[in-house]
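Generate a structure from the sequence data that follows.
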Amino acid sequence: MSAGPTEGLPARRAALVAIARVEEEGAWSTRAVPEAIAHLASQRDRAFAAHLAHDTLRWDGTLRWLLAQVLTRPFDDVEVAVGRVLRLGALQLFRSGVPARAAVDTSVRLSREAVPKQRADGAARFVNGVLRNLGRRLDTGITWPDEPRQSLALRTGHPAWVVADLLGRVENADLLLEADNEPPGLTLRANGDADELVAELAAAGIDAVALGEPAEAVTARGIDPRQLAAVAQGRAVPQDAASMLVSHATGVAPGDRVLDLCAGPGGKATHLAHLVGPLGRVTAVELHRHRGDLIAGAARRQGVEVDVIVGDAREVALDPDGYDVVLLDAPCSGLGVGRRRPEVRWRATPTAVSDLARLQSQLLARAATLVRPGGRLTYAVCTWTAAETDRVVDGVMGDGFTEVSRVQLRPDRDGTDAMFVASWLRDV
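Numbering: from 1, shown residues only. As a prediction, this is how the structure comes out:
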């Protein structure tokens, strides 16, 4: 994907705006990027800007390491706005297919805009020199570190601790990490016949395909779901196939009484409501009021009923008779959705994972008390760390429950987000 030094400047500028929002405001790229590029006139420019923004966020650690090879001072000592321009330029030199001259020239122009006018010439000379040196270094070939974990981390754009967590525990970890860098496109959950949704999208000029497994899943590329009438009217919901598979893993059946313990923003809760039908009932617990409102709004839009309870799932009062199906889609590090939110890999930390694992264990212990005899419990997290997956379920689940399934979904093998799902039957 490429663009010339002049025609590509607005797209690069939009990418910088999106990156700044993610890094300075804590916004998710799934929202920051579409908002930052919306004003660009052509689909080509929007696609180019989105590509640059997502990949600069995705390869952040590697880009900083590459730049450190040609800088005479630590990267962290570079002014933040200028460092952001350098990373955007380095990304183009490293892996975007943009001609080196275009990458350097546009970065120089952007550096002038990034600092006060009186410092524009100095910033431009600095960025020009650094990126030209980096280009020459890349032309001669990068020598990666000898240490295997560090090398794999840099070559796949992941933190070293994430790589260390996977190696020796997960088969073909390199393939998982590489697949985590491939943008997934859009997957929709059809609230009705998937083939009918495909036909509706085709009539609107959108190329879509029904996956077949799960039956509700429809994939499409190059479209913004916010522009689709089917989404606005509740006939379709943007949702990865892995999340749909979680709902099916619960073993839910028409007429069941279902509890979704950490339900916001409502994707799985509304899916479960469709699956139980009018004779069933779904209760959704959500800690935060605004996310509870999202669940209620999604249910109204899709024409299903969900009872929303706002409170801490570890303590909130619930039916003492229990539920046929209990789903705990627990708060987690989110590493499994890195294809969609590349910044998540740099926000997660080992300390945060340990804290989350403690919370997940508490939530799972509570969830187990809410399953009626003969009922089913499902635990899901959109991540792959050992602490949040096997260690949580092995540390909590014991007598009184029989495990029926445990799987770590992977983008390289399953074409989905990296969701961990385990289910048990409670003894009668």
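
what does the domain assignment say about the chain?
9-143, 147-179, 185-236, 240-426 (automatic domain parsing).

least reliable of those going by mean pLDDT?
Comparing mean pLDDT over those, the weakest stretch is domain 185-236, at a mean of 93.

longest single strand anywhere in the protein?
Scanning the chain for the longest strand, with DSSP state E as the assignment, gives strand 371-381.

How much space separates the residue located most distally from the centre of the chain from R112?
The centre of the chain is farthest from one residue, Q118, which by C-alpha atoms, centre = their mean lies 40.3 Å away. Distance, Q118 to R112, using C-beta to C-beta, to the nearest Å: 11 Å. No exception for glycine: its C-beta is placed from N, CA and C like everyone else's.

Between the two, which contacts overlap?
Contact criterion C-beta atoms under 8 Å, 6 or more residues apart in numbering; residues shared by Q118 and R112: none found.

if we can go back for a sec, got a list of contacts for the longest strand of the chain?
246, 249-251, 321-330, 332, 336, 360, 364, 367-368, 388-389, 392-393, 401, 404, 419-428.

Quickly run through the sheet partners of it, with directions.
strand 323-329 (parallel), strand 420-426 (antiparallel) (DSSP bridges).

Which residues outside the first one are in contact with it?
The contact list for strand 323-329, computed with C-beta under 8 Å, 6+ apart, reads 246-247, 250-253, 256-263, 268, 272, 283, 313, 363-364, 367-368, 370-372, 375-381.

Redo the strands paired with strand 371-381 as TSV? Include mean neighbour count.
Formatted as TSV, these follow (neighbours: other C-beta atoms under 10 Å):
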stretch	mean neighbour count
strand 323-329	26
strand 420-426	22
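
and of the ones you listed, who's closest to R13?
Among those, the nearest to R13 by C-beta to C-beta is strand 323-329 (37.9 Å).

chain center to that closest one, what's the gap?
Averaged C-alpha coordinates place strand 323-329 at 23 Å from its chain's average position (C-alpha atoms, centre = their mean, to the nearest Å).

The stretch 201-350 of the chain: helices as residue ranges?
229-232, 241-249, 267-276, 289-302, 344-347, 350-369 (DSSP state H, counting those that start in this stretch).

Could you identify which of those is most buried?
Of all the helices of the stretch 201-350 of the chain, helix 267-276 has the most neighbours on average by mean count of other C-beta atoms under 10 Å, namely a mean of 25.

packing partners for that helix?
In terms of contacts (3 or more C-beta pairs under 8 Å, 6 or more residues apart in numbering; DSSP states H and E), helix 267-276 is packed against strand 236-238, helix 241-249, strand 257-260, strand 281-286, helix 289-302, strand 323-329.

CSV for those, including distance to L356?
Output for those, formatted as CSV (distance: least, C-beta to C-beta, whole Å):
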stretch, distance to L356
strand 236-238, 25
helix 241-249, 18
strand 257-260, 19
strand 281-286, 17
helix 289-302, 17
strand 323-329, 13
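
Among the ones you listed, which comes closest to A27?
helix 289-302 (15.6 Å).

Which strands or helices does that closest one pack on?
helix 267-276, strand 281-286, strand 307-310.

Would you format these as JSON lines with distance to S29 included?
Below are the helices and strands packed on helix 289-302 laid out as JSON lines (distance: least, C-beta to C-beta, whole Å):
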{"stretch": "helix 267-276", "distance to S29": "19"}
{"stretch": "strand 281-286", "distance to S29": "23"}
{"stretch": "strand 307-310", "distance to S29": "28"}
